[in-house]
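**Student:** pasting the sequence and the predicted coordinates here, then a few questions.
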Amino acid sequence: MRSLGPILVVVLHILAIWYVACVPMNVREVLTAAERAGAEIVPPEASVRRDMGAIPLVLANTDHLGGSWSQDRAKLPAPHQVAQEIWASTFVEEVEGRRGLIRSGTFSNRGLIHHTGITLWATVLGFAMGTGMGILLAIGIVHSRTMDMSVMPWAIVSQTIPIVALAPMIIVVLYSVGVQGMLPKAVISAYLSFFPVVVGMVKGLRSPDQSQLDLMHTYNASSRDVLIKLRLPASVPYLFASLKIGIAASLVGAIVGELPVQKGGLGARMLAGSYYGQTTQIWAALFAAALLAAFLVRAVGWIERRTQRAMGLSA
Amino acid sequence: MTLVLAAVVVWALGWSLNRWLANGPVRKARWVRLAVPAIFGITLLVMWELIVRGLDVPRVILPPPSAIGVAFVENLPILWADFRQTILKGGLSGYAIGCGAAFLAAILVDRYDFLRRGLLPVGNFMAALPIVGTAPILVMWYGFGWESKAAVVVLMVFFPMLVNTVAGLQDTSAMQRDLMRTYGASYWNTLIKLRLPAAMPFVFNGLKISTTLALIGAIVAEFFGSPTVGLGFRISTSVGQLALDMVWASIVVAALSGSLFYGVVALLEREATFWHPSQRRR
């Protein structure tokens, strides 16, 4: 915990910079509002103000900046506004809202918890699909030289391709075939987590060295036994390293996959916020996504530690 | 139906050819390493063409590769304009700014232990976040032009690059640093002559990860608003028009530029870190 202090200092600095940045970012709207309320703004003509930079405007009107941190549709909402929005769209919405948990028995579809849940399930489903298929393909690649030479170069090249670009098309195509709901998003998530798992898993399955393989050979072990008793256990550290990359990629895939559909989820929430200028809503969704990402990576890390303990790999 | 049968035959032929190449007498040859994946790719393309034609799959679901090729060639000027807008203006400028800033920040972080203990965990945390989510905010701030895309790219590449460079700057042994001390080398001398060269493999690792992230950022940011040009714009509007051959042609452009971008960085890496074990020619 030696680094707790420095981390706190850095986070506090970020918050301070954020608060300061709110002033020049929001200065135009704040000054317009102040002018309507009867205050005297220094260049009185709105057309002159439009062509001025934000910093000179701030310096010229230091008395009228009080509204910088309480704008309704701020260009940059202040941290406490975002925190209020998160609180209002989670706890308050569920407890007091007409469609909230207390009144209706389900999470409100206007609240963040509902949308975070949609994204979470799409991510987890896609991640499970992608990981499962990745492991199967990796086992195939390790056992067949033909498959190795044909597929592996493509798996590596595909890592250099911006696969997310496919997202809207996958959604529309699956929709026109009649598949909708969670599955199309999960397919994109699966696609994004698939290749990291294949590459890491092939490395892991190949990690036993020759003497270990020779030992299995002297036991007259079949290739299935070698796989189950030697290769798979040896690949566990590699698997978890790529699972951590894969789960983060899955979340990005699910969020991007929600953009064209607009049936709930954090991505839909962000896009709706950007359509209607609800900046605090975008920021709240962003923080929810950040928390979700941190939670998912932590969860994989927890499973990793449990697995390693069960296998006796670490104390 | 005959076309589908032909696809099965093509698969069998391609696969057995690959099997022979991979396990037969020529398996060690250099050209086989290239030929086998090429044959595999071509087999898949031919099967795609035959099955789509054989089963009369509607073009709004999956166009055959030949139609994609035709769309690609016919719309070359449009795609070139999209490429310039998204990749050259949005992607590359953001990549240069983001990686450059992260590199300088990494040197600063490395210099002060306090920053390293404070900023690095935050950076590690940020590197795992879905930063694509900032795209709507940045589009709102910087407008629909390429500047907002560059800003998204800067944010996306900054943290992976920072984390990698800091890790690289610490990758010198105590022995090497002691040697520099016995020469009476200053901090800057040690940095330039020992630690930066030693960090190069890590720096290039960060640069390579960032190439894909840069393209993803530039394309996804266009989904949130763009001028009427750009790969992300092309993909989302063509999906709306059900012009799937155009979508696929845009994806071909994205894929080719992604691989090219990565290839260029990998080539630079080979030139810059020729001394590193992973780059030595066997």
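**Tutor:** Yep, it's here.

**Student:** what helix or strand is the residue of the stretch 101-250 of chain B found nearest chain A on?
**Tutor:** For the stretch 101-250 of chain B, the residue closest to chain A is B:Gly118, as judged by CB to the nearest CB, at 3.0 Å. Heads up, the C-betas are built off the backbone N, CA and C, glycines and all. Secondary structure assignment for B:Gly118, by DSSP states H and E: helix B:113-127.

**Student:** buried set for that helix?
**Tutor:** Under the neighbour-count criterion of 16 or more other CB atoms under 10 Å in any protein chain shown, helix B:113-127 has B:Leu115, B:Arg116, B:Arg117, B:Gly118, B:Leu119, B:Leu120, B:Pro121, B:Val122, B:Gly123, B:Met126, B:Ala127 buried.

**Student:** for the record, mean pLDDT for it?
**Tutor:** Averaged over helix B:113-127, pLDDT sits at 80.

**Student:** next one: stretch B:88-96
**Tutor:** Per-residue scores along stretch B:88-96 average to 91.

**Student:** what are the buried residues along that stretch?
**Tutor:** For stretch B:88-96, the neighbour count (16+ other CB under 10 Å) marks B:Lys89, B:Gly90, B:Gly91, B:Leu92, B:Ser93, B:Gly94, B:Tyr95 as buried.

**Student:** quick check, nearest of those to A:Ala310?
**Tutor:** For the buried residues of stretch B:88-96, the minimum distance to A:Ala310 (CB to CB) is 42.8 Å, reached by B:Tyr95.

**Student:** spit out the contact partners of that closest one.
**Tutor:** Residues counted as contacts of B:Tyr95 (CB atoms under 8 Å, 6 or more residues apart in numbering or on different chains) are B:Val153, B:Val157, B:Ser210, B:Thr211, B:Ala214.

**Student:** the nearest residue to A:Val197 once chain neighbours are set aside - how many residues pack around it?
**Tutor:** Spatial nearest neighbour of A:Val197, excluding adjacent residues (CB to CB, 6 or more residues apart in numbering or on different chains): A:Gly134 at 3.2 Å. The local packing of A:Gly134 (other CB atoms under 10 Å in any protein chain shown) involves 26 other residues.

**Student:** buried set for the one helix or strand A:Gly134 maps to?
**Tutor:** In the assignment (DSSP H and E), A:Gly134 maps to helix A:112-143. For helix A:112-143, the neighbour count (16+ other CB under 10 Å) marks A:112-120, A:122-127, A:129-131, A:133-135, A:137-139, A:141-142 as buried.

**Student:** by mean pLDDT, flag the weakest helix or strand of chain A.
**Tutor:** Ranked by mean pLDDT, DSSP states H and E, the weakest helix or strand in chain A is helix A:101-104, scoring a mean of 71.

**Student:** pull up the gap between A:Gly264 and A:Ala285, please.
**Tutor:** Separation of A:Gly264 from A:Ala285 (CB to CB, to the nearest Å): 12 Å.

**Student:** tell me, what's touching those two both at once?
**Tutor:** With the criterion set as CB under 8 Å, 6+ apart, the overlap between the contacts of A:Gly264 and A:Ala285 is A:His115.

**Student:** please say which of the two ends up with more neighbours.
**Tutor:** A:Ala285 (30 against 17).

**Student:** how about the more buried one, nearest residue that isn't a chain neighbour?
**Tutor:** A:Arg269 (4.3 Å).

**Student:** okay, and the one you found sits in which element?
**Tutor:** Secondary structure assignment for A:Arg269, by DSSP H and E: helix A:266-275.

**Student:** between the helix or strand containing A:Val187 and helix A:112-143, how big is the angle?
**Tutor:** Assigned by DSSP H and E, A:Val187 belongs to helix A:182-205. Here helix A:182-205 runs at an angle of 40 degrees relative to helix A:112-143 (axes from the mean of the first three to the mean of the last three CA atoms, to 10 degrees).

**Student:** quick one: buried residues of helix A:182-205?
**Tutor:** Of the residues in helix A:182-205, A:182, A:184-202, A:204-205 count as buried by neighbour count, 16+ other CB under 10 Å.

**Student:** how about the residues of the stretch 1-150 of chain B near chain A?
**Tutor:** The stretch 1-150 of chain B comes close to chain A at residues B:15, B:18-19, B:21-23, B:27, B:32-33, B:36-37, B:39-41, B:60-62, B:114-115, B:117-119, B:121-122, B:125, B:128-130, B:132-134, B:136-137, B:139-141, as judged by CB under 8 Å from any CB of the partner chain.
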